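**Q** here is the input, now give the coordinates:
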Amino acid sequence: MRVMTQKDAAISQEEVISFLKNPDNYPCNPEIIEVHDTHGALVFLAGEDAYKIKKAVKFPYMDFSTLDLRRKFCARELDINQPAAPEIYLGVVAITQEKDGSLAFDGAGQPVEWAVHMKRFEQKNMLDQLPHEAVTDKTLIAKLAGVVFKYHQAAKRVNVSDGPYRVKVLIDELMESFEDAPDIFSKKKVAQFGKLAMQHLANAHYCLRFRGRRGFIRRCHGDLHLRNIVLLDGKPVLFDALEFDENLATTDVLYDLAFLLMDLDQRRMSPSANQLLNRYLYLSGALDDIYGLTAMPLFLSIRAGIRAMVANDHARQVSGKAAEKEQAAAREYFLTAHQYLKAKQPVLIAVGGFSGTGKTTLAARLSGILEHVPGFLHLRSDLERKSLFDVPETERLAPTRYTQETSDQVYARLHHKARIALKSGQRVIVDAVFSKESERALFERLAEEFGIPFVGLWLEAKESLIAERVAARKNDASDATPTVVHQQVNRGAGDINWHRIDASGTEFDSLQQALSILELSKID
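**A** Numbering: from 1, shown residues only. Prediction:
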């Protein structure tokens, strides 16, 4: 079968599209054909199959204008997606023109178009189609963080030092696109965006170079948002990775993750985005990833900016209400991109109390609701202890692992991570028992060192209640037992000068008390 170039094609892509819209032309004999349209592709759903063709379009960032390019990128799409989603990606097929002029799937004639052949899945199982409460389910978010982290671990690494240049190319491309559409993007706002983006780039310059040399620039997914993730047998599966530009897809893993975080945030799911980020950072365990948070506001902004650019490009392909909808989306994403670049002062919050008072629950809630993505870095002593001994988080440690020396190591690790995060401009919540005055003072001094606000929250409730809560725990990183609670209470916590919270009520009660304290402390 000879590969045709665009010049060889005897028919237009419109004729191919008409062929693919006709159920009679498919080998699987579907009753109807559903068509899904994006700015760069058309997907035809036929029975249990799906066929995706590239549109004959050319943008500054994407070129499918010739048949040979479309063949090349169909093959590339299969290669990069099949390892992560073998149950979806089946192969590449040619649409051929036979001797009698008719079209066929993989016929004997000349190819006039190429399509990626996929196994159809239920559209309702795509994460952007799931109900809000399903997407924000904590178990699902934890699974998703694991899938993304595993994907990044398997990604090809590129040891380079041009991280800042790669980001500048993206900023320049966005500026060109925004300046080309003054009716959609305000000239004044575009200029402000460009200035802020370059300031953030200058601030993150060394960080980006460092991460490039450390192997954090990899061949990533490149288009990691909710619409490109589907639940199959309860597991999140990533598909539709970016295939048309290796430079765009070869990037910092945190920039890849930022697309998903931004998408969740834009859909009013900021707490879930924060949970996803914190879970990813825990799985990574790399201090370099905490340092990488220096660039996260810029990464989020660029991701929102790209969505604005793509929405505007799509608006130019359609008309009427559809165009108005895309233009509105472009404006909204642009404003979001601008918002991410606004400076926020680092803050350190410490949440202490005996086991069973609800420290971790409160810290997790606060980390995701006090501000939009990325929210607070949540550091938890129970997880640090398990990491210290390199055991799964729910595996119980022997009592011999709970020595004063070990506790000192855990607090030292928490302190070190908090320091890196604060230096990176990140807000931090530390969740630990903090039963010793010296442990509390350690973090108070850290905030003083940086000249930033510090708020200490101390949760307390009757021993009988917190012992009951501890006894009821299952699959938790904490190894505390009612006996441990009794020992903590007997030892006491010394002179506590943190804000006290009555933790004897519901989780919501504790949260409301904490929010009131933070409001009075002017923390938002």
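**Q** quick check: which ranges of the stretch 351-500 of the chain have low pLDDT?
**A** Residue ranges of the stretch 351-500 of the chain with pLDDT under 70: none are present.
**Q** quick one, strands of it?
**A** Under the criterion DSSP state E, counting those that start in this stretch, the stretch 351-500 of the chain contains strands at 377-380, 428-431, 454-460, 499-502.
**Q** please work out which of those strands is packed deepest.
**A** strand 428-431 (a mean of 28; mean count of other CB atoms under 10 Å). C-betas here are computed from N, CA, C, even on glycine.
**Q** and it, which strands flank it?
**A** Using DSSP bridges, strand 428-431 pairs in its sheet with strand 348-353 (parallel), strand 377-380 (parallel).
**Q** which residues are contacting the first one?
**A** Surrounding strand 348-353, the residues in contact under the criterion CB atoms under 8 Å, 6 or more residues apart in numbering are 359, 362-363, 366, 376, 418, 422, 427-435, 440, 443-444, 446-447, 450, 452-460, 493, 498, 501, 503, 518, 523.
**Q** rerun at 7 Å
**A** Applying CB atoms under 7 Å, 6 or more residues apart in numbering, the contact partners of strand 348-353 are 359, 362-363, 366, 418, 422, 428-434, 440, 443, 446-447, 452, 454-460, 498, 503.
**Q** kindly report the same for the shortest one.
**A** Counting contacts by CB under 7 Å, 6+ apart, the residues outside strand 377-380 that touch it are 278, 290, 360, 363-364, 367, 414, 417-418, 421, 426-431.
**Q** check which helix or strand Ala50 maps to.
**A** strand 49-54 (DSSP states H and E).
**Q** again, but for Leu260
**A** Short version, using DSSP H and E: Leu260 is in helix 253-266.
**Q** quick one, phi psi at the residue in the chain sticking out farthest from the centre?
**A** Within the chain, the residue lying farthest from the chain centre (CA atoms, centre = their mean) is Asp100, at 50.5 Å. With angles defined as degrees, to the nearest 10, Asp100 sits at phi -80, psi 0.
**Q** can you give me the pLDDT of it?
**A** pLDDT, Asp100: 93.
**Q** tell me the contacts of the residue lying closest to Thr251 once chain neighbours are set aside?
**A** Nearest residue to Thr251, sequence neighbours excluded (CB to CB, 6 or more residues apart in numbering): Cys220, at 5.6 Å. The contact partners of Cys220, taken as CB under 7 Å, 6+ apart, are 152, 155, 249, 251, 253, 256.
**Q** sticking with the residue nearest to Val310 when sequence neighbours are not counted, tell me its helix or strand.
**A** Excluding its sequence neighbours, the residue lying closest to Val310 (CB to CB, 6+ apart) is His39, at 5.9 Å. Using DSSP H and E, His39 maps to neither a helix nor a strand.
**Q** the domain parsing of the protein - what is it?
**A** Here the domain assignment for the chain is 6-120, 132-340, 348-520, based on automatic domain parsing.
**Q** these: which one's closest to Met126?
**A** Nearest of these to Met126, taken as CB to CB: domain 132-340 at 5.0 Å.
**Q** give me the pLDDT for Gln6.
**A** With respect to pLDDT, Gln6 has a value of 41.
**Q** what's the end-to-end length of stretch 35-48?
**A** Chord length of stretch 35-48, first to last residue, is 14 Å (CA to CA, to the nearest Å).
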